[in-house]
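[1] Pasting a predicted model and its sequence here:
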2 protein chains.
Amino acid sequence: MTRNPTFAILKDADLTEFRKILDNSGDVVDSSDDLEKYNRDWTGRYCGSATIALRPRTTEQVSRLLKYCNRRRLAVCPQGGNTGLVGGAVPVFDEIVLSMERLNRLINHDEVSGVLSAEAGCILETADNFVRERGFVMPLDLGAKGSCMLGGNVATNAGGLRVLRYGGLHGSVLGLRVVLADGTVLDGMGACRKDNTGYDYKQLFIGSEGTLGVITEVNIATPPLPQSTNVALFSVAIFEDIKRLFGQARRDLGEILSAFEFWDVESQKLLDMHFPDNKLPIRPGAFFVLVETSGSDSEHDQSKLMRFLEDSEAQVVDGTMAQDETQLRRLWALRESIPEACAREGIVYKYDVSLPTARMYDPVLALRSRLAHPAISQIIGYGHFGDGNIHVNVATQHYEAAVVAQIEPYIYELVRKHGGSISAEHGVGVLKAPQMGRFAKTAAEMALLRNIKTLFDPRGILNPYKVLP
Amino acid sequence: MTRNPTFAILKDADLTEFRKILDNSGDVVDSSDDLEKYNRDWTGRYCGSATIALRPRTTEQVSRLLKYCNRRRLAVCPQGGNTGLVGGAVPVFDEIVLSMERLNRLINHDEVSGVLSAEAGCILETADNFVRERGFVMPLDLGAKGSCMLGGNVATNAGGLRVLRYGGLHGSVLGLRVVLADGTVLDGMGACRKDNTGYDYKQLFIGSEGTLGVITEVNIATPPLPQSTNVALFSVAIFEDIKRLFGQARRDLGEILSAFEFWDVESQKLLDMHFPDNKLPIRPGAFFVLVETSGSDSEHDQSKLMRFLEDSEAQVVDGTMAQDETQLRRLWALRESIPEACAREGIVYKYDVSLPTARMYDPVLALRSRLAHPAISQIIGYGHFGDGNIHVNVATQHYEAAVVAQIEPYIYELVRKHGGSISAEHGVGVLKAPQMGRFAKTAAEMALLRNIKTLFDPRGILNPYKVLP
């Protein structure tokens, strides 16, 4: 990739202007040590060479900064918690980093409607704790919740563990304040669950990865905190049994089913090896399923779960139910430690795709029969069964271009063929931008996406090289 | 309003071309008797003068028709079941009606994911019956379900009675096939619950009222059919009690709460007068609340409901619970007959707005103290409390411009002041287009909406005079 030569090079006069807009001198970061955290993503795979990071504290400041950058044609990389996996939140070249970390006030929580108003730089976990004290819960939960930020969650349309229960952000986000590339502020901070006055343009920013505008404030609907949570773990003999178990769970558990996660025995082998302290409490099968319920009445939930355990006996090899909070955490830890267990094998190639549930495990099987390189130590599949979302991880002892060439574009072709998505929840970023036109969208759709980008950001200064090839 | 003179006038040569594209001659409607149903909306308030209605059977035909109309600059009014309330689905002048009624195939229902694929002209109730037989239910329910069509539901972002439980269409619609004004077909029929590949442009069509493109196919997520449904009716003394009751219902009923509807005693008086057979089974209060639960276990649901009845005793004047299906229907009939009871008073001015729940009843009180015209027979409020959505109806014995002038723009100003929406679920159509810039959107937002319209439909042929002023 080459730097887009139409972008200006940062000059001293620009720094002077930024310092004028951000009157607190600490809000302009320009020492190379301090810049490291803004330039490098946490996977270590992507690293930019920004020489400045700006940390505005108000929407007004964001507006003035962007207006100036747009006029000067200075490229900008908006950044939240920098926890993405596709290189979407770090500069590619010398883009100015626009960090949201100081725009981090929790503004209001409405106790009747449950709507939380917060600035984009609020940490997800901080927001979750805040609403929990009031009897509500954030509608999304991610492994990165301790550092990811609300604006980034919205900008990347973060999925995670609660989509099955609370749906995605396109339904939960009620209002946004967004600054466009030219500094225009869109005050769309509606808090109504219903608002049918014209095109719902805010939806475009959800999942736009900072390429259409910079989100500075969010109104998000939070559901009531469940009173009772239960978790059960099962092993099954074949993939088809997960599907049967899911059907049974929807019937028996109904409205309290809040997670239905799965992983394969190869994932479990990595867990056994790298996290031996968290012993598997059941006899293994070819696959594992974690079922969580969240409801308002502990007795009812237990009784539904017992019914489910009875009804599902024929489909499972073995199963157990957490008896207390500690056991519950240990069961969840199995599922949540898989990415880390895989990473301990060496280099991991991660593919985040959706497929119709019947076809969901196909990519893993196909890669196993296709890949034959000595550097490969494991090919595993795990993810959110109820959302059709599987994470395929290929672990190798060291980086091998030959392995990648065998996987890509092969895996994308497979996903496309079955009507799936090549990026279920991680987004496009830099990683998948080249694949967009081939495996994600038709020519007519690509033309439309480009036109939308041009409409919102005619000079292309916002997060260049991302999303669109 | 005057006809936009840049639109061409229909010629015989155009008819010949349409007949060529729609090879079945019955698909072109041009007799004035037959055209009546396409020109007149069901409220009787809006009537166009289209001299032709086209009834394509395939997306390909829609594409060829629009391509031709766009080239000739012939204005087009897309139409579904024609059940809208804001004049969005009938022509204003001589626009060609593009009816979806023959694009009405149910294509597929996936038993694992619950995704229904259907053409835009499917009747909502037909789709609901189809998925019910398979153990699922449509995520939306409207009074007009017997005649409204799925494409129209999506194009108007229909709300209705189940939003509290299943959320809105921005979350439920997974894929759309849409034809743009120039005939370009956007094949966005994804069926994945998660797909983060680029801007989610399909969201723009949800609620665009046919002004950005014509939806021809829909993929919609259907939830499992509840096994148990219960309904209770309460009367309360003051509006504040509804809020308390709602808080209690969320706590006690939790995940099974599926509707929380309310109406005032003035609505009830109209019901008593015009539907005396459906007697109110409880002592009246100033307001009535209908609570519905839908769950997977009848015993559990009854027990939650009993707990709720006990806990809410202090807040209610009187209450009852339906003991069987007949009683359940009679309780729902009270709520659902209010618009009809109001219409029997004469002419009804209907205002569909959202407000923060604490302020929700303000417009009714304000209008009652403000309006003093002898033609006014009743001012009532009812709606979806959980969604912050109130329907304010003013019934008058005959049409009085002076009454309308007292209501508008006053009511919109009130809603705007409290951060509400001037159209919660009915849309903008012709009715509210003039108010968009004043009471719904900022100047920056209006500029963006106009730019979006121009991007999708540069010649402005799709449903002109609607949504944007």
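    Nice, thanks for sending it over.

[2] Determine whether the claim that A:Tyr351 is in a helix is correct.
    No - counting by DSSP: H, G, I helix; E, B strand; the rest coil, A:Tyr351 is located in no helix; its state is strand.

[3] can you pull the contacts of it?
    A:Pro363, A:His391, A:Val392, A:Asn393, A:Val394, A:Ile407, A:Ile411 (C-beta atoms under 8 Å, 6 or more residues apart in numbering or on different chains). From N, CA and C alone the C-beta is placed, and that goes for glycine too.

[4] do A:Ile220 as well
    With C-beta under 8 Å, 6+ apart, A:Ile220 has these contacts: A:Val115, A:Leu116, A:Ala118, A:Met138, A:Pro139, A:Leu150, A:Val154, A:Leu169, A:Ser172, A:Val173, A:Leu174.

[5] Strands along the stretch 301-450 of chain A, start to end?
    A:318-321, A:347-354, A:376-384, A:389-396 (DSSP state E, counting those that start in this stretch).

[6] Which elements pack onto the last one?
    Pointing back at strand A:389-396 there. helix A:325-343, strand A:347-354, helix A:362-370, strand A:376-384, helix A:401-407 (3 or more C-beta pairs under 8 Å, 6 or more residues apart in numbering or on different chains; DSSP states H and E).

[7] Next, the buried residues of the third one.
    Buried positions in helix A:362-370, judged by neighbour count with 16 or more other C-beta atoms under 10 Å in any protein chain shown: A:Asp362, A:Pro363, A:Val364, A:Leu367, A:Arg368.

[8] Need the nearest residue in space to the third one, chain neighbours excluded.
    This points to A:Val364. A:Gly381 (3.8 Å; C-beta to C-beta, 6 or more residues apart in numbering or on different chains).

[9] Counting neighbours, which bits of stretch A:281-298 end up buried?
    A:282, A:285-297.

[10] If you tally nearby residues, what's the number for A:Ala358?
    By other C-beta atoms under 10 Å in any protein chain shown, 15 other residues sit near A:Ala358.

[11] hang on, isn't it packed against B:Val112?
    Yes - A:Ala358 sits in contact with B:Val112 when judged by C-beta atoms under 8 Å, with a separation of 6.8 Å.

[12] Touching both of these two, which residues are there?
    Common neighbours of A:Ala358 and B:Val112 (C-beta under 8 Å, 6+ apart) are A:Lys243.

[13] residues in contact with whichever residue of the stretch 51-200 of chain A sits closest to chain B?
    Nearest residue of the stretch 51-200 of chain A to chain B: A:Gly171, at 2.9 Å (C-beta to the nearest C-beta). Shown in contact with A:Gly171 (C-beta under 8 Å, 6+ apart): A:Ala221, B:Gly167, B:Gly168, B:His170, B:Gly171, B:Ser172.

[14] Most neighbours among those residues, please name it.
    B:Gly168 (27 neighbours).

[15] Compute the first-to-last residue distance for stretch A:389-407.
    End-to-end distance of stretch A:389-407: 18 Å, with C-alpha to C-alpha, to the nearest Å as the criterion.

[16] Give me the contact list for it.
    Taking C-beta under 8 Å, 6+ apart as the rule, stretch A:389-407 contacts A:159, A:270, A:338-339, A:342-343, A:345-355, A:360-361, A:363-364, A:367, A:370-371, A:373, A:375-383, A:411, A:424-425, B:192-194.

[17] same check, this time on stretch A:54-68
    So stretch A:54-68 is contacted by A:14, A:17-18, A:21-22, A:24, A:26-29, A:74, A:76, A:96-99, A:101-103, A:177, A:179-185, A:214, A:216-217, A:461 (C-beta under 8 Å, 6+ apart).

[18] Ok, stretch A:72-79 next?
    Residues contacting stretch A:72-79 (C-beta under 8 Å, 6+ apart): A:4, A:6-8, A:10, A:14, A:38, A:48, A:50, A:53, A:65-66, A:68-69, A:89-100, A:152, A:155, A:210, A:214, A:459-464.

[19] Would you mind listing which of these are buried?
    Counted by 16+ other C-beta under 10 Å, the contacts of stretch A:72-79 give A:7, A:10, A:14, A:38, A:48, A:50, A:53, A:65-66, A:68-69, A:89-100, A:152, A:155, A:210, A:214, A:459-464 as buried.

[20] Just these: which are in strands?
    Counted as lying in strands by DSSP state E, out of the buried ones among the contacts of stretch A:72-79, are A:Ala53, A:Ile96, A:Val97, A:Leu98, A:Ser99, A:Val214.

[21] quick one on the thing from earlier: can I have the buried ones of the contacts of A:Ile220 as a PyMOL selection?
    Command for PyMOL that selects the buried part of these, burial taken from 16+ other C-beta under 10 Å:
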select buried, chain A and resi 115+116+118+138+139+150+154+169+172+173+174
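
[22] Could you dump the contacts of A:Ile220 into TSV with pLDDT and secondary structure added?
    Shown next, in TSV, are these (pLDDT from 0 to 100; DSSP: H, G, I helix; E, B strand; the rest coil):
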residue	pLDDT	secondary structure
A:Val115	95	strand
A:Leu116	98	strand
A:Ala118	98	strand
A:Met138	97	coil
A:Pro139	96	coil
A:Leu150	98	helix
A:Val154	98	helix
A:Leu169	97	helix
A:Ser172	96	helix
A:Val173	97	strand
A:Leu174	96	strand
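
[23] so how far is stretch A:173-192 from its chain's centroid?
    21 Å (C-alpha atoms, centre = their mean, to the nearest Å).

[24] so how far does that stretch reach from one end to the other?
    10 Å.

[25] Show me which positions of it end up buried.
    A:173-186, A:188-192.

[26] now A:Val231: how far from A:Leu161?
    Separation of A:Val231 from A:Leu161 (C-beta to C-beta, to the nearest Å): 12 Å.

[27] Report pLDDT for A:Thr43.
    On the pLDDT scale, A:Thr43 is placed at 82.

[28] so what's the closest residue in space to it that isn't next to it in sequence up against?
    Leaving out its chain neighbours, the residue that sits closest to A:Thr43 by C-beta to C-beta, 6+ apart is A:Leu85, at 6.1 Å. Counting by C-beta under 8 Å, 6+ apart, A:Leu85 touches A:Thr43, A:Lys350, A:Asp352, A:His426, A:Gly427, A:Gly429, A:Leu431.

[29] Scan the residues you listed and report the most crowded one.
    Busiest of the contacts of A:Leu85 [other C-beta under 10 Å] is A:Gly427, holding 28 neighbours.

[30] Pull the contacting residues for that residue.
    A:Gly84, A:Leu85, A:Val86, A:Gly88, A:Thr156, A:Asn157, A:Gly207, A:Glu209, A:Val467, B:Asn196.

[31] And those, which is closest to B:Ala314?
    Lowest distance from B:Ala314 to the contacts of A:Gly427 (C-beta to C-beta) belongs to A:Asn157, with 43.3 Å.
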